[in-house]
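In: Predicted structure and sequence below. I'll ask about it afterward.
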Amino acid sequence: MDILFGFDFLLLPYIMVEKEKLRLDKYLWAIRLFKTRAMAAAACDTGKVKQAGTSVKAAKNVHIGDEYEVKTEAKKWIIKVTGLLPNRMAFSEAVKYYIDMTPEETVDNLQFQAASFHTGKRQSKIGRPTKKQRRELDDFREEDD
């Protein structure tokens, strides 16, 4: 009765015991490694999610203590399951359900790549000539003829 009058009943759907079943694609989506569940399932189908070096299917049941290697567009994750999360929650809550065991070298390498990422925009006044410079070049070339 105490559960119904307190606010604990709001958390009951989100907290699962280990004996309940949870698909891998749903878990990866819930802990926010993938934006959609379909993307998580597609990653499993294409072999980007592995357990102990072997690819796993999206329908595989997740258990506490399992370790997975997950390759996303941004990063290669190595995670250990610490809790089962059936529904998507805020990132600050979702990170409590896994341990990120990705080596520091990989994280540092990704930060370096992000810092040197070229967005396609040129820096001002570098590269392509301005209109004034182009006119001066055209005038210079005409003088050679």
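Out: Now that the structure is in, tell me what you want to look at.

In: Mind checking what secondary structure the most centrally placed residue in the chain has?
Out: When CA atoms, centre = their mean is applied to the chain, the residue found nearest the centroid is residue 33 (4.3 Å). Here residue 33 is coil, with the state taken from DSSP: H, G, I helix; E, B strand; the rest coil.

In: OK, contacts around it?
Out: Shown in contact with residue 33 (CB atoms under 8 Å, 6 or more residues apart in numbering): 40, 70, 72, 77, 79. For glycine as for every other residue, the C-beta is placed from the backbone atoms N, C-alpha and C.

In: just for the protein, where's the confidence low?
Out: For the chain, the stretches with pLDDT under 70 are 1-19, 106-125, 144-145.

In: which stretches of it form strands?
Out: Taking DSSP state E to define them, one finds strands in the chain at 49-51, 54-55, 67-71, 76-81, 98-100.

In: wait, which of the ones you listed is closest to residue 127?
Out: Minimum separation from residue 127 across these (CB to CB) falls at strand 76-81, 33.4 Å.

In: In JSON lines: the strands of the chain, plus distance to residue 27 and mean neighbour count.
Out: Listed next are these as JSON lines, based on distance: least, CB to CB, whole Å; neighbours: other CB atoms under 10 Å:
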{"stretch": "strand 49-51", "distance to residue 27": "10", "mean neighbour count": "19"}
{"stretch": "strand 54-55", "distance to residue 27": "16", "mean neighbour count": "10"}
{"stretch": "strand 67-71", "distance to residue 27": "9", "mean neighbour count": "18"}
{"stretch": "strand 76-81", "distance to residue 27": "7", "mean neighbour count": "17"}
{"stretch": "strand 98-100", "distance to residue 27": "9", "mean neighbour count": "16"}
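
In: and those strands as TSV, adding distance to residue 141?
Out: Compiled in TSV, those are given as follows (distance: least, CB to CB, whole Å):
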stretch	distance to residue 141
strand 49-51	58
strand 54-55	60
strand 67-71	51
strand 76-81	51
strand 98-100	58
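
In: what's the helix ranked longest in the chain packed up against?
Out: Scanning the chain for the helix with the most residues, using DSSP state H, yields helix 131-144. Packing partners of helix 131-144 (3 or more CB pairs under 8 Å, 6 or more residues apart in numbering; DSSP states H and E): none among the helices and strands.
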